[in-house]
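>>> got a predicted model here, sequence first, then my questions.
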Amino acid sequence: MNILVNDNTPQFQSWLTGVTKIVTDDMTQNFSRLPIPSVTATFGTRYVRVMRDNSAHAFIDRTNGDVLKPATWKAPAKHARGNIFDDKNGIGSMGPYGPAYLR
């Protein structure tokens, strides 16, 4: 099965909306005097880089929908933290600062 995640994929749109809500809720509840950061996505050939203002927030593997934690600005960590095609839409592993650590 060849999946290619793009900006029109409904699961990606739902995931991005959920992440934006998590970030917005955290900022309004805990840091009400600070501006709410923007969450944007940049599509590359293999990965989608999701940015919170000007820092890497998460990566999405375009071939299978895996949610990955950033290792650096340009590269994701090796192991998936969730998937946008699972029952929780990948939101279960997301926090206001990025994907959860592996336990």
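Everything's here; your move.
>>> check the offset of stretch 78-89 from the chain's centre.
Here the centre of mass of C-alpha atoms in stretch 78-89, compared against the chain's by Cα atoms, centre = their mean, to the nearest Å, lies 10 Å away.
>>> strands along the protein, start to end?
For the chain, the strands defined by DSSP state E occupy 39-43, 47-52, 55-61, 66-70, 76-83, 94-95, 98-99.
>>> now those strands as a markdown table including mean neighbour count and distance to Met27?
From N, CA and C alone the C-beta is placed, and that goes for glycine too. A markdown table is the format used below for those (neighbours: other Cβ atoms under 10 Å; distance: least, Cβ to Cβ, whole Å):
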| stretch | mean neighbour count | distance to Met27 |
| --- | --- | --- |
| strand 39-43 | 15 | 11 |
| strand 47-52 | 21 | 10 |
| strand 55-61 | 22 | 13 |
| strand 66-70 | 22 | 20 |
| strand 76-83 | 17 | 22 |
| strand 94-95 | 18 | 13 |
| strand 98-99 | 22 | 14 |
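>>> make CSV out of the ones you listed and add mean pLDDT and distance to Val23.
Formatted as CSV, the strands of the chain follow (pLDDT from 0 to 100; distance: least, Cβ to Cβ, whole Å):
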stretch, mean pLDDT, distance to Val23
strand 39-43, 93, 6
strand 47-52, 94, 6
strand 55-61, 95, 8
strand 66-70, 95, 15
strand 76-83, 92, 16
strand 94-95, 92, 9
strand 98-99, 93, 10
